[in-house]
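Asks: I would like the atomic coordinates for the input below:
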Amino acid sequence: MAETVLIAHRGMDDTHPENTIPAFEAAFNLGMGIEFDIAMTSDGELVVIHDDTVDRTTDGTGRVAQMSFEEIRQLDAGSWKGSEFAGAVVPSFDEVLELVSSTSKVDTAIALDVKVLQPGIINKICDALTQHNLMARTVGIGVIARSVDVRRRFYEGSAEFQRSAVAESAETLPLALTDPYSNWIYARFVPSESDVEATHAAGKKMLASGDAVSSDVNEAQRAASVAPDALLTWHPTELHRRVTDSD
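Replies: Residues are numbered from 1 along each chain as shown. Next up is the predicted model:
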């Protein structure tokens, strides 16, 4: 049975400042993949940050789309989590991809959460992933998973980009499997072994996620037992310990 890749939500965000290089390095040290969010600055740079403002996770204020890359880079993105992380910065997309390329060993290294389709962002994402040879190791989620039109646009940007289609339940899985523009199923429920088998039979992979999986470490462990291709968790330290102990 194939081994499920555990995907750490915004890196090891239970112990490190989310969406920073230290959080991602900690995940890779445990053999995990990473989930992260991207946004575009006013001067067209892609940065790794969850919110549309810098207020919550840095010592600055302002909307990401209205700030330049250099303005954002001056901010401290680590001290809010602990003094030991002081000086951590908001990383660029390119910096994170370079870290993944040089450090990560898992097949599915990135779950890429795209929340807003700003002009030109699809080409920027596809070009960067191609440059770092990470197309096959990245799965797109967020707005990609929820819109067939967005999946089509990414397909037109690059047919190699791995696109997920959401299935909110086992009952909606068969319909999601018919989606013509997806390589993955973004399963927002605890899948059964037969759900995983049906996904593979359709030539797709499965990422288990959603509140039922990501927020409850017991349910995440149960989902991991049926070996989806990847599993997104909000409790990466504890889930990794449990899965490792059960091996």
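
Asks: only C-alpha atoms for contact and neighbour calcs from this point on.
Replies: Noted.

Asks: Let me see the ranges of the helices in the chain.
Replies: Secondary structure of the chain by DSSP state H: the helices cover 21-29, 69-73, 93-103, 121-131, 143-146, 148-157, 173-177, 193-201, 211-214, 217-224, 236-246.

Asks: on contacts alone, who are the packing partners of the second one?
Replies: Think helix 69-73. Applying 3 or more C-alpha pairs under 8 Å, 6 or more residues apart in numbering; DSSP states H and E, we find helix 69-73 packed against no helix or strand.

Asks: Can you dump the C-alpha atoms of that helix in CSV for me?
Replies: What follows is helix 69-73, C-alpha atoms only, in CSV (Å, rounded to 0.1, in the frame of the first residue of the first chain):
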residue,chain,number,x,y,z
PHE,A,69,7.7,43.4,-2.3
GLU,A,70,10.4,45.4,-0.6
GLU,A,71,7.9,47.0,1.8
ILE,A,72,6.6,43.6,2.8
ARG,A,73,10.2,42.2,3.2
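
Asks: Contacts for that helix, please.
Replies: Identification of contacts with helix 69-73 by C-alpha atoms under 8 Å, 6 or more residues apart in numbering yields 41-43, 45, 47, 54, 64, 89-91.

Asks: mind redoing it with 6 Å?
Replies: Contacts to helix 69-73, defined as C-alpha atoms under 6 Å, 6 or more residues apart in numbering, come from residues T41.

Asks: residue ranges with poor pLDDT in the chain?
Replies: Within the chain, the segments meeting pLDDT under 70 span 1-2, 247.

Asks: Quick check: the residue located most distally from the centre of the chain vs H16, distance?
Replies: Largest separation from the mean C-alpha position in the chain: S83, at 26.3 Å (C-alpha atoms, centre = their mean). S83 is 11 Å from H16, where distance means C-alpha to C-alpha, to the nearest Å.
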